[in-house]
Every structure is written in structure tokens, then in C-alpha cells.
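Undergrad: This is the structure alone, sequence omitted:
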């Protein structure tokens, strides 16, 4: 009886070890910004088709991804903002992969179609409370945002200079939730990654310029932010991770990056 | 014979170890929560933490007051109980005493199904149906509110209340009811004056169990409550203790005051749950002694 049990245990351990090995040896681990899901997913798939090396992606958020690199829990960190100075001081390095436009979205039934950054800031800080003040219907503006710490929220508040001043009606925990909520409330305004915006909401033009690849790349659409690859400055990437890094920063990857709705940096 | 003894001992040992796993987990979680929850409370000061009215964890001058979360959790749970208990209680009385076998089988199956629905599904339906409905019906700018959360929680605790109450009501000896009926009481009088009082501690346990489920729910509430750290008000967006932890945990960096404060919130929540559990044990024990 005991023999059988010990044999089983050994067998199980061996199986676990083998499974663990095969999982770790090949895969390139990426971790970070939830907004980079689409672009990293597309790049990872193309890379896997070409080389057979798997790329894993853990959607935890920019700060969490940066932390994961620091602690060695992943190969490449993904952040949808530039590194802060104190993060750079910890020995991290950033490589800009692409630029993402943050789309300002409203309900499709909302007649308003253009706002400037200043007005957006006034709306989000609660200075403008009714849509009729900006040429819309007589309805209260419902501010939809993301939770504290979200890369999109950080990017949006940075660009509009509304840090800590936003008077949100709802703080939701994912881009999808924001889009769903804006699509179902006629008075709502929200922000979301341009790449994940769907037809169920209306994208506003900012200063008369609609977010698109050209306007983001030439900088005329101002509500935009970088997608950053985070690595350690002094430590070398594993062989596979380096291959992946080279692949996604090469020009060949540009098409895939644009395919994912963001603008390649190179 | 001796060999047999040895085998028995080994088996006992294994069972003991397996039993200790549960105890170990509880101890581990308790100790971990206390160790990681205390530093932030010490830094913020207990009074400021528990009674501060403002929460702005990522602001340039962070504020860590969790009174809005505590009150929201208390109001939300109380509201859910206020709506859920009468419905659940009368359903249980009906199913246990009045309904015929077929009806009972159908309704019980539905209740079991309701208990099995994952909370994220409650949240999703709440977000897509309930929130817009609250907005339309009450003519407020946005439906994500304490009220929406209360309604979702009330529905979520129904199965707990119904099932535990039914068990308590079914356990009332038939002789009590027969005696009451023989003395000329109507069936309704019998149910409410004999059966229910006899089952009252079981029903109380059901209510406490409902409170426990409501105060601990995070996912469904996160999707319908709006998650802004306002002081609770029925039609305002609010944040519960659970959602306060869940929504910021992923983004807080380890070791920061923000992360530690989230652990402190978890500790407060844990104390609430302990209190509820103690109450539950009290009722169950009284039940047994009877």
C-alpha cells in the first residue's frame, strides 16, 4: 500500500516537473498594461507562428507589469505610459513600441461630436455639468472613468491635466465596462483605448481632429500615449525573450501593430 | 494484528494532517492579514482610517479614510436584508408548509439554480438590465448606484435564506403542528404562531448567513455600484469594502502605503465577517441546545 502511494507520488512529481520545464523553457513571459492586450496578442501569435516559441501575456496593469520586471517574474514588462523617474532609477529601461490614441467616447445618440482638450478637462472636473453648455441636449453629463492606477486613466488625466481632480460618476475596472456603460447611457462620456473602441459608441473629434493612425503619428491628435516595453538595463534577456523583443521592434512587425489599431513607433 | 494497528495509525495521521490543512489556512490568512493590515493603520492612525470621510489613494496628497466604504457596506447589506429576508422567509414558509410536492420540487430546483449562478453573471445582468432600468425609472442621470447594488445583493442572498429557513421549518416536529390544529387553530395561525417560533433560531441563522454573503460579495457589486468613494446615498455611485480592495489591488505597488491600506481594509472586512460568524455560531448553538 505504502509502496503504491510513494510510487504514485514520485510519478506525479515527475509529471509536474516535466510539465513545468516545458512550460518555462520556451515561453516568453510578458506582463502589464491591460490596454496592450490586443497588440501583444497579435504580435505574440505572429511570433509563435514564425518561431514556434510561445508568448504568454498577463494583463495586470502598467504598474504591476513594471513591478513584475523588477522582481524578475516576467521577461518583458508592458506599460501604457512612460516610466517614472524613480522607476528608471531602479535600473529599468523603456523602449517605445507604439502610440495609442485615447478616444473620447459618448453615446451614439449624443449630438455633440467635437470638444477641445480644455472643454474635456472642464467636463471631467465638474465645471461643465450639462450637455447643453457644449451644444448638446439638456441632460446631465455622466462621467465614466477608470479606477485609480489604470494606465488609461493615468494617460487621460495626464494629457488633460486633470490629475486627482476628476469628478467621476463611475470608476470601472475595464475598458470593456466603460464602453458598455457609455453605450447604454445617453448622457455618458468616457475614455478608452482607440484600439478597443467599438461601433456601439461615438468617438469624438478633439480640436476638430479625429483619432486615426496619421493624426496620432504626426501628433495632431493630442489625446495619445506611448505603449512601452520595459526591460532591465543591466540584465540580459533570455534568448527567446531577446528574439521576441527584436521581432516586435523590427519593421516587419509594424503591419501587425497597425493591424491591432495602434500606431507603430518606427 | 500489529501491522493492522500500524496501518490504522498511519491512516489516522493522514486524516489529521488533512484536517489541519483547513485550520492552517485559516490561521495563515488571519496572521497574514493582521501582519500586513496593521502597519498602514498605524501610519494613518486608527481614527483617521476608520472615520476619515475621504479616500484618494493615488492623489498627490493621499487620503485614506474608509468611513464611506464601511457605511456603504453596512447600508448595502442592511438594504439587501430588508428586501431579501421578507421574500425569502415567506417563500420558505410557503414551500415548507403550504406548497404541494410538485410545486415545491419546481421552486426548490429554481432556488438551487439561483444559488449556483456565478456572481459575475449577476453583475453582468445587473449592469446591462438593472442599471439602465434604475436610471429610467427613477429619472436619475446614471443608474449605477447603491440601490442597484442592494437589489442585486437581495437577489443573491435569497437562495441562502430560503434553503436554510426551509431546513429549520422542516425540522419542526409534526406533533406541534398537529396539536395546534387539533386545538382549533387555522393552518395559517399554526404556521406563524407554532412552526415559525419553533424554527426561529434556524431562521435567524439564515438571516445571518445572508448578511455574510452580502457583505462579502465583490464581483457583482463592482459591476453595478459605480465604485466611486462617495458617502453612501441611494442614487449615488458608491464603493463597498470588498470592491475598494478589489479595484485597486492590481495597480498598487507592493510595500506602498496604498497597498498596505488595502490590506487594512481587508482586515476590517475580516473583522466584520468574524463578528457575523460568531453571531451565526451563537444562533446555531442555541438551536442545538433546544
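TA: Alright, I've got the coordinates. Owing to the predicted nature of the structure, the values given are computational and were not obtained by experimental measurement.
Undergrad: Please, which helix or strand holds the nearest residue to residue B:286 once chain neighbours are set aside?
TA: Nearest residue to residue B:286, sequence neighbours excluded (CB to CB, 6 or more residues apart in numbering or on different chains): residue B:201, at 4.9 Å. Every C-beta, even on glycine, is put in place using the N, C-alpha and C of the backbone. Following DSSP states H and E, one finds residue B:201 within helix B:200-216.
Undergrad: What are the buried residues along that helix?
TA: The neighbour-count criterion (16 or more other CB atoms under 10 Å in any protein chain shown) identifies B:201-216 as the buried residues of helix B:200-216.
Undergrad: Ok, stretch B:158-172 next?
TA: B:158-169, B:172.
Undergrad: Closest one to residue A:208 out of these, please.
TA: Of all the buried residues of stretch B:158-172, residue B:158 has the smallest distance to residue A:208: 53.0 Å, by CB to CB.
Undergrad: separation between residue A:40 and residue A:67?
TA: Look at residue A:40 and residue A:67: by CB to CB, to the nearest Å, they are 17 Å apart.
Undergrad: Then residue B:30?
TA: Look at residue B:30 and residue A:67: by CB to CB, they are 26 Å apart.
Undergrad: So for the two, which sits in the more crowded spot?
TA: Per other CB atoms under 10 Å in any protein chain shown, whichever of residue B:30 and residue A:67 has more neighbours is residue A:67, with 24 against 13.
Undergrad: centre of the chain versus stretch B:41-58, how much separation?
TA: 25 Å (CA atoms, centre = their mean, to the nearest Å).
Undergrad: Any part of it near chain A?
TA: Yes - using CB under 8 Å from any CB of the partner chain, stretch B:41-58 reaches chain A at B:56, B:57, B:58.
Undergrad: How about the residues of the stretch 151-266 of chain A by chain B?
TA: Residues of the stretch 151-266 of chain A lying near chain B (CB under 8 Å from any CB): A:163-164, A:168-173, A:177, A:180-181, A:184-185, A:187-188.
Undergrad: and what of the stretch 1-150 of chain A?
TA: A:1-2, A:60-64, A:67, A:139-142, A:147-150.
Undergrad: Considering those residues, which possesses the most neighbours?
TA: Result: residue A:150 is most packed of those (other CB under 10 Å), 30 neighbours.
Undergrad: That one and residue A:61 touch, don't they?
TA: Yes - under the criterion of CB atoms under 8 Å, residue A:150 makes contact with residue A:61 at 6.7 Å.
Undergrad: tell me, how many neighbours does the closest residue to residue B:158 other than its chain neighbours end up with?
TA: Leaving aside its chain neighbours, residue B:158 sits nearest to residue B:88 (5.1 Å; criterion: CB to CB, 6+ apart). When neighbours are counted by other CB under 10 Å, residue B:88 registers 27.
Undergrad: and if you look at residue B:106?
TA: Neighbour number of residue B:106 under other CB under 10 Å is 11.
Undergrad: For it, give its distance to residue B:95.
TA: The spacing between residue B:106 and residue B:95, counted by CB to CB, is 10 Å.
Undergrad: Mind listing what's buried along stretch B:34-47?
TA: Quick answer for stretch B:34-47 (16+ other CB under 10 Å): B:36, B:37, B:40, B:41, B:44.
Undergrad: Show me what the helix or strand harbouring residue A:230 is packed against.
TA: For residue A:230, the element it lies in under DSSP H and E is strand A:224-232. The contact analysis (3 or more CB pairs under 8 Å, 6 or more residues apart in numbering or on different chains; DSSP states H and E) places strand A:224-232 against helix A:62-70, strand A:76-79, strand A:92-106, helix A:151-160, helix A:239-249.
Undergrad: For residue A:240, give me its contacts.
TA: Taking CB atoms under 8 Å, 6 or more residues apart in numbering or on different chains, we find residue A:240 in contact with A:26, A:27, A:28, A:53, A:75.
Undergrad: how about the second one, phi and psi?
TA: Okay, so that is residue A:27. For residue A:27, the backbone dihedrals (degrees, to the nearest 10) come out as phi -70, psi 140.
Undergrad: Who does the nearest residue to residue A:265 once chain neighbours are set aside form a beta bridge with?
TA: Closest residue in space to residue A:265, ignoring its immediate chain neighbours: residue A:96 at 4.5 Å, by CB to CB, 6+ apart. Listed beta-bridge partners, residue A:96: residue A:228 (assigned using DSSP bridges).
Undergrad: List the contacts of residue A:96.
TA: A:226, A:227, A:228, A:229, A:265.
Undergrad: can you do 7 Å?
TA: Going by CB atoms under 7 Å, 6 or more residues apart in numbering or on different chains, residue A:96 touches A:226, A:228, A:265.
Undergrad: and the gap between it and chain B?
TA: Going from residue A:96 to chain B by CB to the nearest CB, to the nearest Å gives 22 Å.
Undergrad: for residue A:217, same thing?
TA: Using CB to the nearest CB, which is the criterion applied here, residue A:217 is 29 Å from chain B.
Undergrad: Where does the prediction get shaky in chain B?
TA: B:1-2, B:251, B:253-254, B:287-290 (pLDDT under 70).
Undergrad: Of all residues in it, which one is nearest the centre?
TA: The structure's chain B has its C-alpha centroid closest to residue B:213; by CA atoms, centre = their mean the separation is 1.6 Å.
Undergrad: got a list of what the nearest residue to that one once chain neighbours are set aside touches?
TA: Nearest non-adjacent residue to residue B:213, counting by CB to CB, 6+ apart: residue B:157, 5.2 Å away. Applying CB under 7 Å, 6+ apart to residue B:157 gives the contacts B:80, B:84, B:210, B:213, B:214.
Undergrad: If we use 8 Å, what do you get?
TA: Taking CB under 8 Å, 6+ apart, one finds B:80, B:81, B:84, B:88, B:210, B:211, B:213, B:214 in contact with residue B:157.
Undergrad: And residue B:52, by the same measure?
TA: B:44, B:63, B:64, B:65, B:66, B:67.
Undergrad: My read is that residue B:213 contacts residue B:156, right?
TA: Yes - with contact defined as CB under 8 Å, residue B:213 counts as touching residue B:156 (6.5 Å).
Undergrad: which residues of chain B fall in helices?
TA: Per DSSP state H, chain B carries helices over the ranges B:2-44, B:46-51, B:67-93, B:101-116, B:119-125, B:131-138, B:146-170, B:174-182, B:187-190, B:196-198, B:200-216, B:219-224, B:241-249, B:257-289.
Undergrad: Single out the most deeply packed of those helices.
TA: Comparing those by mean neighbour count (mean count of other CB atoms under 10 Å in any protein chain shown), helix B:219-224 comes out on top with a mean of 27.
Undergrad: quick one: contacts of stretch B:79-99?
TA: So stretch B:79-99 is contacted by B:104, B:107-108, B:111, B:146-147, B:150-151, B:153-158, B:160-162, B:165-166, B:169-170, B:187, B:191-192, B:195-196, B:203, B:206-207, B:210-211, B:214 (CB under 8 Å, 6+ apart).
Undergrad: ok, the residue nearest to residue B:286 touching residue B:280?
TA: No - contact criterion CB under 8 Å: residue B:201 and residue B:280 do not qualify, at 10.6 Å.
Undergrad: All the helices of the stretch 1-150 of chain A, residue numbers only.
TA: Along the stretch 1-150 of chain A, counting by DSSP state H, counting those that start in this stretch, helices occupy A:2-26, A:37-51, A:62-70, A:85-89, A:117-124.
Undergrad: and the fourth one, average pLDDT?
TA: I take that to be helix A:85-89. For helix A:85-89, the mean pLDDT works out to 88.
Undergrad: Return the list of helices and strands in contact with that helix.
TA: Counting by 3+ CB pairs under 8 Å, 6+ apart, helix A:85-89 packs on no helix or strand.
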